[in-house]
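K.L.:
model this:
(4 chains)
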Protein chains: 4
Amino acid sequence: MVKKIGILNGGGDVQPINAVIASIVKSGSKRGFEFIGFERSWEGVLNPMLYRTLDQKSVRGISHVGGTILGTVNRGRFSAKKGAGEVNKIPDDVLQEAKANLEKVGVEALIVIGGDGTLSGALQLAELGVKIVGVPKTIDNDLDSTDKTFGFSTAVDIVTEALDRLHTTATSHDRVIFVEVMGRNTGWIAVNSGLAGGADMILIPEIPFDYNKIVEFLRKRKETGYRASVVVVAEGAAPKKGLVTSMKVGDTFEVKLGGISNTIIQKIEELAPGEFELRNTILGHIQRGGSPNAEDRILAKEYGVAAMDAVERGDFGMMVSLKGDQIVTVPIAEAVKKLKLVTTDSLTVQTAKKIGVFFGD
Amino acid sequence: MVKKIGILNGGGDVQPINAVIASIVKSGSKRGFEFIGFERSWEGVLNPMLYRTLDQKSVRGISHVGGTILGTVNRGRFSAKKGAGEVNKIPDDVLQEAKANLEKVGVEALIVIGGDGTLSGALQLAELGVKIVGVPKTIDNDLDSTDKTFGFSTAVDIVTEALDRLHTTATSHDRVIFVEVMGRNTGWIAVNSGLAGGADMILIPEIPFDYNKIVEFLRKRKETGYRASVVVVAEGAAPKKGLVTSMKVGDTFEVKLGGISNTIIQKIEELAPGEFELRNTILGHIQRGGSPNAEDRILAKEYGVAAMDAVERGDFGMMVSLKGDQIVTVPIAEAVKKLKLVTTDSLTVQTAKKIGVFFGD
Amino acid sequence: MVKKIGILNGGGDVQPINAVIASIVKSGSKRGFEFIGFERSWEGVLNPMLYRTLDQKSVRGISHVGGTILGTVNRGRFSAKKGAGEVNKIPDDVLQEAKANLEKVGVEALIVIGGDGTLSGALQLAELGVKIVGVPKTIDNDLDSTDKTFGFSTAVDIVTEALDRLHTTATSHDRVIFVEVMGRNTGWIAVNSGLAGGADMILIPEIPFDYNKIVEFLRKRKETGYRASVVVVAEGAAPKKGLVTSMKVGDTFEVKLGGISNTIIQKIEELAPGEFELRNTILGHIQRGGSPNAEDRILAKEYGVAAMDAVERGDFGMMVSLKGDQIVTVPIAEAVKKLKLVTTDSLTVQTAKKIGVFFGD
Amino acid sequence: MVKKIGILNGGGDVQPINAVIASIVKSGSKRGFEFIGFERSWEGVLNPMLYRTLDQKSVRGISHVGGTILGTVNRGRFSAKKGAGEVNKIPDDVLQEAKANLEKVGVEALIVIGGDGTLSGALQLAELGVKIVGVPKTIDNDLDSTDKTFGFSTAVDIVTEALDRLHTTATSHDRVIFVEVMGRNTGWIAVNSGLAGGADMILIPEIPFDYNKIVEFLRKRKETGYRASVVVVAEGAAPKKGLVTSMKVGDTFEVKLGGISNTIIQKIEELAPGEFELRNTILGHIQRGGSPNAEDRILAKEYGVAAMDAVERGDFGMMVSLKGDQIVTVPIAEAVKKLKLVTTDSLTVQTAKKIGVFFGD
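P.N.:
Alright, predicted model coming up:
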């Protein structure tokens, strides 16, 4: 029976990682497992100094704290990702070194919490025989293989709270306020926070927008007495060139430096000089950090326990995945392949459209 | 085609009712419908003075505001509910009067937002030929016919935030702090907030508890160095007499005055005098009010638009209901019959148990 | 020069204690001091096992966390307080034992964070020659010797947020909702949160109320169309028997078991049966815990650094105290003598009265 | 006796303006006054269509809502401010037109809520005999003539919450995260939120910074094991050229487009290429909007009632001003002259320095 388990997280932080770590260790300790936490992602596997024992005491009181007690890095020697979305082969010697180090410290199975980059790397290690269970981590909620990822709900809360604040400013000043939110490839955060926060327009990567129609929409609102508007823009939103209907992980939209929201504002000012008082806010990193909300803590704990269950069952090469009200396992190889896109016929988009939200198309 | 729609909400308030009302009116106005809002539940139908026209302007800026602009009452002449859970026949003359008044003001269909009491009343009116679409409303999330009801997520957030606060007090003082939360018949709020908020023990109606085992659990924690504990108790939790496996709407557990949490504390003090520093907090009405969270606003808007869609389709006698990622309609008659109970093999309870949460049994 | 400093906190927890501890240790370490933290208040001084070294690392990241890393107890062998407010002499042998233990571990000065009970004890130790600096700690903000105490502002925020939530429920249901808040002897939390949270009536210990006038006020509101009311009641509020104009620390009002708010509701129901739909919420311990707000963190850090400064200057037997925009020191003997009462001519009460808030008199 | 009062707010919105308006109207209505609200600042005085009657009903339930029900503009025909800080003479014909319109609608006194720009305009109107009472409004808390302005405390809360979130990201990723906050001329928001939110470095206009010393500080932290840092930068912070010791209203520091925080990051990257993982967040407009916190609501209500009191006393040409625990009146002419700067010997800065916060100098 597997006895010593390694835990590692890679890529950008999301709020509930500590809750995942804590629930793995708590539920595993009760069943007699021991744990090693690798610090700073794969660096902790490659560098013999960067790991530590995790027990019930070391994970006490961390579940509601954002970030990760193990630290993380976006890139490194082990990186399976060169540029945005570009999935690469990790050099053989690095893979072998990682495998050897895991054996040296006696780790019999590794739980890897990460996005497509980190999990693709894990997969290459799995092919060398390392026993791996994956836990999906993306704040964008855009993994096709799972219903929901942790961090997403908290990010939507943070954006919604910002929208509540910006609404009172927009209304007081009769301004059109743009809010740029996370979502390089998909518009889940934009659509959900936009619907929750009463946005008048939502621009997302999946629905390319038309500058002229945006101006037309704002003009029509003004004519009917709505001088203030709040617009949520996913960072990956882009003007129309043809509709995107599917994406592979690794595909990405081209994003202008300085934020697409700035570009849109400049273009509106060009098309309708002086007509609107336009302002911009780029929320940035505050969307990823801080204490996770209730839903995300629950989800993270469910994922953590499910990962431990998978290890116990010997369900390796698999990723835990929420399907309906159950957590199942799916092959990592399959799981990291496809993004889940916002579709125009989804319940959320349809609801937004029916109450008058404009998607720029 | 139906042109003038009535809107009515009954029973206890939950945070996102205004979001439902607003989305009905917004999405319906765009399709040419007109709206009348009946105030103070059925009182507004029986009393010709208590209604008003609702248009886009009157629902502007209300979706993030808790409570209901229409007001509500728990009982009244139209009440289909005498005591807790006891569903009754509404007198014929009252039903006829309601029907006549609806005709007098030209309401061709009525959207009723309510729990089992309000919807049972609506059903009796529907039997007289009134065209009704129901929207489920229960903060307890305990309706078997729908996956999730709005208000629940916000209530869980509020309790979780309270638990975060109480944890620091419990730990600083080495106390056992009990928190009594809503849930007369079911433990959904208790289980979800307890798991999110790091409770050590969760007591719910569905899992009758054993006083001796509770004392045993607290003693064992103390022996292993955990002198502080946080316990979440659903108001309907009760000591063991035999496991409950199913409930009809209308069944209820007997609840002691003053709160079950007080009873439990007294009993522990009896069984283990002076061993624990016990404290109690009954959260009460703060769980129902204030601004709804992002998820609840989205859900409420989806329900509101779906109710309007059902009216347009002529889907009467039906209640809108979330199933997976779609909102469908189910017959009201069927929908109000059965409670959804927390089961011990659910993902949430299993997760909680595996990380060491005790359910008192 | 004093080199090793002891830190101790006693009595009930408030949110920003950790921020005080951290700022003492951070600012003192930079000047070459060393620190010992005594756990569980004076128990840590009397019991040689209950202390630990505190350094920059051990106080890292704790300033925004509620409660106290040292733990606390309300009573114990060293207790200078028998009943509420009753200040007593600590037995000589206990004082001598404490002094001896402090010498044994090499503590040359002791910073004591506490309310009147804890500081009165500290004073008796100071009379034996122990070098002591006091830091005032009372969530009620009712110490005459200092302008503001930390924890108060966060408590007011928590109550105000609860009032925001209860307002929507009160309005939706046309209810009179009572909220009982902390304040056994003084009404600072009640007055400030009541004014901030839009209460219609505020009842405090300093202004004894008249049951008949309360009923009269509620009736008048109802007649003028305000059927909903929100009432904030300090736990120490009491019916009129004559106005209180001054109090010594140690004096206290008699409080009925079960909460004065319950008593008031019963009395109103007696005087005006069935006229009002009355509800009650007792906020309890959630007012003391959780993350402190920005103002309280700042104040706590200022107090902590000022205490360290006082130690360095050799300013013993003194308590740090906020006066205007400076922190000064006052003799502990003097500081713990007198409560600061809410007066009817204060800015806050006058403002509340002028916008129509009723104080029950 | 003055009977009809005008209310007007100008310049940027802050969270508690509605609370000021509501408390003026509530406290004045009780004394027999009537109110006219001018919309969109002075536009409402110059344009006969842009005003409306305000009574108790129209200000009900607005005190906790951010923004202003009257709307506002930053500039306009009446503008006394051409560029940032540049105070100008309003044309005589505009002043006369405003005066005439006020007389036409029967306004006998005008309460003006505004910053130095709006109040300077009001002053020029006062010189023509219009009876004016000013209420100071600046989120920056930088008016020398008053202890505290409303909006500031809420802004500090918002920034502190953002810092809490960014800390977990900074620590998880070993990043140096810059947060640019409001404060064009003064660093009050930066210093207070920085101290509350545990910033490691705070850069403000009053203390010009040295790029080399910043790099040195970050290097030293890294060497001693603190790889993550959080830096708060006021938007008006600037590199050293000589210390600023006093400012007139109207003076301003030159600010680079794109944010000074971006400039600093580029410069650090130049001086220490690749040494630090630097990130930036510009919080922007979310600092001004949304629901005000408890302290700001109280302060706003105190100011509103005090302004009404001043009108009743006939205290014209004066501005209400918090001094200690009282609100007094000061001549507007004097009040708008001088900014209140952060000084290095203030309690807050001294506290921050003593616990190790670096100010870049």
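
K.L.:
name the residue of chain A that lies nearest to chain C.
P.N.:
Going by C-beta to the nearest C-beta, chain C is nearest to A:S291 of chain A, at 8.5 Å. Any C-beta I mention is one placed from the backbone N, CA and C, and that applies to glycine too.

K.L.:
which parts of stretch A:56-67 are buried?
P.N.:
Of all the residues in stretch A:56-67, those buried under the rule 16 or more other C-beta atoms under 10 Å in any protein chain shown are A:Q56, A:V59, A:I62, A:S63, A:H64, A:V65, A:G66, A:G67.

K.L.:
residue furthest from the geometric center of chain A?
P.N.:
Of all residues in chain A, A:E223 has its C-alpha farthest from the mean position, at 38.7 Å, by C-alpha atoms, centre = their mean.

K.L.:
okay, now the residue of chain A closest to chain C: neighbour count?
P.N.:
Residues lying near A:S291 (other C-beta atoms under 10 Å in any protein chain shown) number 21.

K.L.:
looking at this, it is in a helix?
P.N.:
No: under DSSP: H, G, I helix; E, B strand; the rest coil, A:S291 sits outside any helix and is assigned coil.

K.L.:
surely it is in contact with A:S63?
P.N.:
No: taking contacts as C-beta atoms under 8 Å, A:S291 lies outside contact range of A:S63: 9.7 Å.

K.L.:
which strand or helix spans the nearest residue to A:M319 once chain neighbours are set aside?
P.N.:
Once flanking residues are discounted, A:M319 sits nearest to A:G134: 3.6 Å by C-beta to C-beta, 6 or more residues apart in numbering or on different chains. Using DSSP states H and E, A:G134 falls within strand A:132-136.

K.L.:
looking at the residue nearest the centre of chain A now. What's its pLDDT?
P.N.:
Centroid-nearest residue in chain A: A:I139, 2.0 Å away (criterion: C-alpha atoms, centre = their mean). Per-residue pLDDT puts A:I139 at 96.

K.L.:
with A:L243 instead?
P.N.:
Looking at A:L243, its pLDDT reads 44.

K.L.:
equivalent analysis for the one 4 residues further on, please.
P.N.:
Per-residue pLDDT puts A:M247 at 49.

K.L.:
what ranges do the strands span in the stretch 151-300 of chain A?
P.N.:
Secondary structure of the stretch 151-300 of chain A, counting by DSSP state E, counting those that start in this stretch: strands at A:175-181, A:201-203, A:229-234, A:277-282.

K.L.:
for those, which one sits closest to C:E180?
P.N.:
With respect to C:E180, and counting by C-beta to C-beta, the nearest of the strands of the stretch 151-300 of chain A is strand A:229-234 at 39.0 Å.

K.L.:
partners of that closest one in the sheet?
P.N.:
strand A:175-181 (parallel), strand A:201-203 (parallel) (DSSP bridges).

K.L.:
got these as a markdown table, with mean pLDDT and distance to B:T149 columns?
P.N.:
Listed next are the strands paired with strand A:229-234 as a markdown table, based on pLDDT from 0 to 100; distance: least, C-beta to C-beta, whole Å:
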| stretch | mean pLDDT | distance to B:T149 |
| --- | --- | --- |
| strand A:175-181 | 97 | 28 |
| strand A:201-203 | 98 | 25 |
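
K.L.:
neighbours of A:D93, how many?
P.N.:
A:D93: 9 surrounding residues under other C-beta under 10 Å.

K.L.:
remind me, longest helix of chain A?
P.N.:
In chain A, with assignment by DSSP state H, the single longest helix is helix A:152-173.

K.L.:
does it come close to chain C?
P.N.:
No: counting by C-beta under 8 Å from any C-beta of the partner chain, chain C has no neighbours in helix A:152-173; the shortest distance is 12.9 Å.

K.L.:
in space, what's closest to A:K26 - neighbours in sequence excluded?
P.N.:
B:I355 (4.3 Å).

K.L.:
am I right that the one you found is in contact with A:K301?
P.N.:
Yes: assessed by C-beta under 8 Å, B:I355 is found in contact with A:K301 at 6.5 Å.

K.L.:
shared neighbours of these two, anything?
P.N.:
Common neighbours of B:I355 and A:K301, counting by C-beta atoms under 8 Å, 6 or more residues apart in numbering or on different chains, are A:A22, A:S23.

K.L.:
the more surrounded of the two?
P.N.:
For B:I355 versus A:K301, the count of surrounding residues by other C-beta under 10 Å is larger for A:K301: 29 against 25.

K.L.:
and that one, that one's in a helix?
P.N.:
Yes: applying three-state DSSP, one finds A:K301 inside a helix.

K.L.:
list the contacts for it?
P.N.:
A:A19, A:V20, A:A22, A:S23, A:S63, B:L195, B:T351, B:A352, B:I355.

K.L.:
now with 6 Å, please.
P.N.:
Counting by C-beta atoms under 6 Å, 6 or more residues apart in numbering or on different chains, A:K301 touches A:A19, A:S23, B:T351.

K.L.:
same check on A:V105?
P.N.:
A:V105 neighbours (C-beta under 6 Å, 6+ apart): none.

K.L.:
again, only using 8 Å
P.N.:
Counted by C-beta under 8 Å, 6+ apart, A:V105 has contacts A:K4, A:G6, A:I36, A:P48, A:Y51.

K.L.:
on that earlier part again, which residues sit against the strand holding A:G134?
P.N.:
A:20, A:109-115, A:119, A:122-123, A:125-126, A:143, A:145-146, A:149, A:303-304, A:307, A:310-311, A:315-321, A:329, A:332, A:335.
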